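1. here you go, sequence then predicted model.
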Amino acid sequence: MGAMRLDGRAIAAEIQEGLAKDVADLRAGGVQPTLAVVLVGDDPASHSYVRGKMKVAEKLGIGSRDHLLPGFTSQKELLDLVARLNADPAVHGILVQLPLPGQIDERMVLEAIDPRKDVDGFHPFNLGSLLQGGTPMPPCTPAGCMELIRRAGVDLTGKEAVVVGRSEIVGKPVSIMLLAAHATVTICHSRTRDLAEVCRRADVLVVAVGRPRLITPDHVREGAVVIDVGVNRVGDKLVGDVDYAAVAEKAAAITPVPRGVGPMTITMLMKNTLTAARMASRP
Ligand code: NDP
């Protein structure tokens, strides 16, 4: 059959065009949307993610400030920085790049961020709001997945959605969003008995595990929409959790890796930064 390729990069570019206009409007009104990015340590992957985010911010006219701290930074120093950024009216969004070094309690740092500046959407207040029917600051990767599903033309009402992975940053929140969109949702994880059988129920399959090519055609129903969140380095290549070439023969639509969910995640981060700037500038 040959699936429709859900080109995250192209869709992200389209959304970013709209965001750039919104940024220009805000700036014309005297508000410079600004994102503060905090990075602790010198993990090359984290540095590359942060560079990617700042590049897109710049392209859209969003101001960005980077706070690059040494790996030995103490919890108190990091909390002090978060407090300063919380109090700074020129900063609308605060992103603390994860993972943090072992001496720092990640949860405590995320909880210290003002929920109104929590552009990653990981603060318990925002996750709680998501559970209670919606938040202006949804977590970025799940929001990106939902946008891709919408763009695939899927009406989720009454559909079977299966999510593989139950992490707090992807699996759990995307499950809640699918539920809010009226899908019948099943969440799988490492203890799921017969993963392939459960996945084959899916009209929409979202995979966020971190195992290269875990999902094969055996897991996929003919005509399903498949969203592959996984990013795995195999040799010098990035691959997803889904065996793209084989599954594309069976699916109706599928996201590639790279250039699928990744660019959507960054775009949703920018959208949240704009939302935060708008909320802060309202009287
Ligand atoms: P986590 O490691 O936090 O969670 C992985 C989940 O997969 C867990 O719930 C785990 O189950 C489950 N799992 C592990 N092995 C299996 C298995 N064999 N069968 C079924 N389920 C299994 O990962 P994240 O959610 O943080 O990330 C998942 C992937 O998505 C990674 O590759 C990551 O790099 C990528 N990612 C991509 C982003 C993007 O923007 N494109 C953003 C965020 C993540 P259990 O809970 O039982 O341990």
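-> Alright, I've got the coordinates.

2. chain center to stretch 119-139, what's the gap?
-> 12 Å (Cα atoms, centre = their mean, to the nearest Å).

3. any low-confidence regions in this protein?
-> 1, 283 (pLDDT under 70).

4. gap between the most centrally placed residue in the chain and the ligand?
-> If you average the C-alpha coordinates of the chain and look for the closest C-alpha using Cα atoms, centre = their mean, you land on residue 141, 1.6 Å from that point. Using Cβ to the nearest ligand atom, to the nearest Å, we find residue 141 at a distance of 4 Å from the ligand. For glycine as for every other residue, the C-beta is placed from the backbone atoms N, C-alpha and C.

5. show me the contacts for that residue.
-> Applying Cβ atoms under 8 Å, 6 or more residues apart in numbering, we find residue 141 in contact with 169, 170, 174, 208, 229, 261, 264, 265, 268.

6. hang on, the second one packs against residue 144?
-> No: with contacts defined as Cβ atoms under 8 Å, residue 170 does not count as touching residue 144, sitting 9.9 Å away.

7. out of those two, which sits in the busier spot?
-> With neighbours defined as other Cβ atoms under 10 Å, residue 170 and residue 144 compare such that residue 144 has more, 31 against 26.

8. need the nearest residue in space to the more buried one, chain neighbours excluded.
-> Distance criterion Cβ to Cβ, 6 or more residues apart in numbering; nearest residue to residue 144, sequence neighbours excluded, is residue 264 at 2.9 Å.

9. return the residues in contact with the one you found.
-> 8, 11, 12, 141, 143, 144, 145, 147, 148.

10. try 6 Å
-> Taking Cβ atoms under 6 Å, 6 or more residues apart in numbering as the definition of contact, the neighbours of residue 264 are 8, 12, 144.

11. would you check how far apart the residue lying closest to the second one once chain neighbours are set aside and residue 71 are?
-> When you say that, I think you mean residue 12. Beyond its immediate neighbours in the sequence, the residue positioned closest to residue 12 (Cβ to Cβ, 6+ apart) is residue 263, lying 3.8 Å away. Separation of residue 263 from residue 71 (Cβ to Cβ, to the nearest Å) stands at 29 Å.

12. of those two, who's got more company?
-> residue 263 (22 against 12).

13. if anything else comes up later, I'll come back, but that's it for now.
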